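Asks: Here is the input, now give the coordinates:
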Amino acid sequence: MSRYTAEAEAGMKGITFRAWRGKHYVTLAELLVRLGIFGLDLTWRVELDEIVDPRCVEMERRSADSGMDTLTLLSLSTPFLQLIDAEVCGFAGDELVLVLTEFDSSLWDVRAVDERVLSELRLHYPGAEDL
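Replies: Model (predicted):
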């Protein structure tokens, strides 16, 4: 999907889990909140295969520049925003450290350099499987 995907594969571990947890949909905003301190200081770039909301246009516009901070991305993804196919890349400086990939509104793949990120998400999303 993204120009960052190949880079993300190297040196990152990952998990996958269903986006729908019963009747609850795990949104990008929820994932950002679950990341807590791990995601707070990152710069984000977003690539979307489908524009499902006007906020998506703004996400892509801000990604085309130098990216956006976590609070800006959070503000653009709340309230409830269900993405169809998206890749959300978190950078610490110039280093890609986190990739959130949403597939067809049904699955989230999370890849991270820091295993603690994945451990934290496994607690919140039982049944998550290693990639």
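Asks: ranges for the strands of this protein?
Replies: 13-18, 20-21, 24-25, 43-48, 68-69, 86-92, 95-103, 107-112, 129-130 (DSSP state E).
Asks: Could you save those as TSV and add columns showing mean pLDDT and mean neighbour count?
Replies: No exception for glycine: its C-beta is placed from N, CA and C like everyone else's. Formatted as TSV, the strands of the chain follow (pLDDT from 0 to 100; neighbours: other CB atoms under 10 Å):
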stretch	mean pLDDT	mean neighbour count
strand 13-18	96	17
strand 20-21	94	13
strand 24-25	92	12
strand 43-48	93	21
strand 68-69	96	18
strand 86-92	94	22
strand 95-103	94	20
strand 107-112	96	21
strand 129-130	96	10
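Asks: nearest to Glu60, of those?
Replies: For the strands of the chain, proximity to Glu60 was assessed by CB to CB; strand 43-48 is nearest, at 6.1 Å.
Asks: Parallel or antiparallel, list what pairs with the closest one.
Replies: Strand 43-48 has the following sheet partners, assigned by DSSP bridges: strand 68-69 (antiparallel), strand 86-92 (antiparallel).
Asks: Dump those into a markdown table; add distance to Leu35 as well.
Replies: Formatted as a markdown table, the strands paired with strand 43-48 follow (distance: least, CB to CB, whole Å):
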| stretch | distance to Leu35 |
| --- | --- |
| strand 68-69 | 13 |
| strand 86-92 | 8 |
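Asks: Looking at those, spot the one closest to Asp53.
Replies: Short answer: strand 86-92, nearest of the strands paired with strand 43-48 by CB to CB, at 11.3 Å.
Asks: pull the CA atoms of the closest one into PDB?
Replies: Below are the C-alpha coordinates for strand 86-92, written out as PDB (Å, rounded to 0.1, in the frame of the first residue of the first chain):
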ATOM      1  CA  ALA A  86      -5.300   3.100   5.400                       C
ATOM      2  CA  GLU A  87      -1.700   3.100   6.500                       C
ATOM      3  CA  VAL A  88      -0.700   5.400   9.300                       C
ATOM      4  CA  CYS A  89       3.000   5.700   9.800                       C
ATOM      5  CA  GLY A  90       4.600   7.100  13.000                       C
ATOM      6  CA  PHE A  91       8.100   8.600  12.800                       C
ATOM      7  CA  ALA A  92      10.500   9.500  15.600                       C
END
